[in-house]
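Visitor: would you be able to build a 3D model of this:
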Amino acid sequence: MKRLLSNVYALFLMTVTAASTFAQTPIRFEVSFSEPQAHYADIQMEVSGFDNEYIDVKMPVWTPGSYLVREYTRNLESFQAHDSHGNPLDVTKIDKHTWRVHHAGRQAVIQYRLYGFEISVRTNIIDDSHAFLSPAATFLYVDGHLDHPAEIAIIPHAGWSTVSTGLEPVEGKSFTYAAPNFDILFDSPIEVGNQDVFTFMAAGVLHEVAMVGGGNYDVDRLIADFTAIIEEATRIFGVNPNKRYVFIVHHYQSGGGGLEHLNSTVLGATRNGYTNARVYTSFLGLVAHEYFHLWHVKRLRPIELGPFDYTRENYTTALWIMEGFTSYYDNHLLLRAGLVGEAAYLQLLGLDFNAVENRPGNLIQPVAEASFDAWIKYYRPDENSPNSTVSYYNKGALLSLAMDAKIIAETNGEKSLDDVLKAAYEHFYVNLGRGFEEAELEELIENITGVSVAEVFRAAHSVDAFDYNAYLRPIGYELIDQNEGQKVPDLGMRTTVTDGRVVVTGISRNGSAWDGGISVRDEIIAIDGTRLDIGGRELAHIIQQAHVGDEVQVIIARDGLIRELTVTLKPAAEGAYALRKAPLATAEQQRLGQVWLSARQ
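Guide: Below is the predicted model of the structure:
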């Protein structure tokens, strides 16, 4: 990996590098929107102060926080360059994301257009109502000069009046923003349009919220709930490193997902979900998750995740720590902030247990390997992914829970995972100014708490069964399977109804359908001589009347050909997992459970 100035270090180093950085002539960008209804942005890039014969300009192939090579240049067209007098410059495309501009030391003015209509938190979205710019998908950089300052001027389309971004405004220039380097630029999304903007103070930091696309939200309620989350998260680390933080919230008919940035985040939300308790709680969990990343990922991080190489994959086995710890803390913050009660919190944890323990891939792929292979597997799921992969989000959250519980139990409630995170932030980010190796973090945990967590770290690199109750019962809780002992026949497949046809969409590893030869995309026509009705309601009825061990004849259509398969019914493999108070818990275990559930200073 190239040793480039990382956005992870940028704020930490800014005070000592600002003078030399801003002595350089910034690379200037102008962004305009001549055809937003057709989903286009027009970009002009001005480069000066480079005395060599040519410069290579590149576009990132990925954006930090979303571990997939996305080939952003697929949306770039009409690349051209000229000097300050309008004379054309020779341009040679070197590879899929690099252009060599022969400028002979003159100023180079580069122009290109970007198509943007992929709805996500990591890609450009442009239409006649607004433009969201994901900087890694928008701005080119000069190869070898990620540390160069940049200035971005936004020219809003007619009728647009507002720009929201974590970038600092340039005094005296409307809609113009400065980035001390390109790591900061690539970590600062930009929203342009007529978004509803409100601000509030929390943890001594000014927070700006840009609500895009309407919604039935209550601003006062959002401010109160956001504030509670922010102050609980800040309490863990003892410091909030930002002076200003920006939430950009995109509303859709049904939306979700988020992406963390150094002093901002982009969230997806359901437009009219704010009055639905379940949907709203999920949204607050997303807010907590992305805000927690402000410390845990954007500053405290694995050593592989910064400085970044934007031209290729940046591999790490530690996403189970970064996303896993964060996925554990997001709902825990809601509990500690008083936004959900104990029962609701235990139900949320139960969702993670069911997602992990009912996924066959949990016994195939170690969660550390899932982290490393995120680039080729997590963001490219297919019908067999549940059989072969595990999520580093929820599996990592459960290992975090086990680690927290063990620390609380073995220190009599004096220490917790909170103490670990605060100490790790101070040691690796503040004092050393670098990321950590997994072994270093494990050692720090044991030094801070006096508790060995080697078994949890080993579990992250293994597919062996993990005894969660060995960690939960000492703090007065236990995991139960409400389906334990039941033997209900099950075909072990997922189906959907398409034009009245029952079509297989997924097969569970080692289930009845798996062994019997049923495949994804098969149409189920009949079972044991009974033709399935439109909608497939007969399917569930037939299986409910059968017994484990029965053989059933399944008639399918596969690629236009009719086949008959004999399938032996196995018992349903899925559990119904729930977390509850352990009925035999001692008074001391119950006390430790309350320590776990309470806000820890």
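
Visitor: my guess is Pro489 contacts Thr568, does it?
Guide: No. Judged on C-beta atoms under 8 Å, Pro489 makes no contact with Thr568 at a distance of 9.8 Å. The way it works is simple: take the backbone N, C-alpha and C, and place the C-beta from them, glycine included.

Visitor: spell out which residues are contacts of both of those two.
Guide: Contact with both Pro489 and Thr568 is made by residues 512, 550, according to C-beta atoms under 8 Å, 6 or more residues apart in numbering.

Visitor: more neighbours: these two, which one.
Guide: Pro489 (21 against 13; other C-beta atoms under 10 Å).

Visitor: the more buried one bridge partners, please.
Guide: Pro489 has these beta-bridge partners by DSSP bridges: Pro571.

Visitor: need the pLDDT of it.
Guide: For Pro489, the pLDDT comes out at 96.

Visitor: distance of it relative to Phe353?
Guide: 24 Å (C-beta to C-beta, to the nearest Å).

Visitor: list of residues touching stretch 223-242?
Guide: Here stretch 223-242 has contacts from 11, 198, 200, 202-205, 207, 209, 247, 263, 284, 287-288, 291-292, 294-295, 299, 329, 333-334, 336-339, 418, 421-422, 425, 599, 601, using C-beta under 8 Å, 6+ apart.

Visitor: the stretch 251-400 of the chain: strands as residue ranges?
Guide: 258-260, 264-270 (DSSP state E, counting those that start in this stretch).

Visitor: what does the stretch 451-600 of the chain give?
Guide: 477-481, 489-490, 493-498, 501-507, 523-527, 530-531, 551-558, 561-568, 570-571, 577-581.

Visitor: so which elements touch the fourth one?
Guide: Same thing as strand 501-507. Strand 501-507 sits against strand 493-498, helix 512-516, strand 523-527, with contacts defined as 3 or more C-beta pairs under 8 Å, 6 or more residues apart in numbering; DSSP states H and E.

Visitor: tabulate the CA atom coordinates of the second one in CSV.
Guide: Coordinates of each C-alpha in helix 512-516 appear next as CSV, following Å, rounded to 0.1, in the frame of the first residue of the first chain:
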residue,chain,number,x,y,z
SER,A,512,-34.2,-31.7,2.1
ALA,A,513,-34.2,-29.7,-1.1
TRP,A,514,-30.4,-29.6,-1.2
ASP,A,515,-30.1,-33.4,-0.9
GLY,A,516,-33.1,-34.0,-3.2
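
Visitor: ok, the spatially closest residue to Ile154 that is not a sequence neighbour - contacts?
Guide: Nearest non-adjacent residue to Ile154, counting by C-beta to C-beta, 6 or more residues apart in numbering: Phe175, 4.3 Å away. Under the criterion of C-beta under 8 Å, 6+ apart, the contact list for Phe175 reads 153-156, 163.

Visitor: re earlier: including mean neighbour count, could the helices and strands packed on strand 501-507 go into TSV?
Guide: What follows is those, written out as TSV (neighbours: other C-beta atoms under 10 Å):
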stretch	mean neighbour count
strand 493-498	15
helix 512-516	21
strand 523-527	19
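
Visitor: quick one: closest of these to Thr317.
Guide: Counting by C-beta to C-beta, Thr317 lies closest to helix 512-516 out of the helices and strands packed on strand 501-507; the figure is 29.5 Å.

Visitor: show me where the stretch 51-200 of the chain has strands.
Guide: Using DSSP E, counting those that start in this stretch, strands in the stretch 51-200 of the chain cover 54-58, 76-82, 90-95, 98-102, 108-115, 125-126, 131-133, 141-142, 150-154, 162-165, 168-169, 176-179, 190-193, 196-202.

Visitor: please identify the most buried of those.
Guide: strand 131-133 (a mean of 26; mean count of other C-beta atoms under 10 Å).
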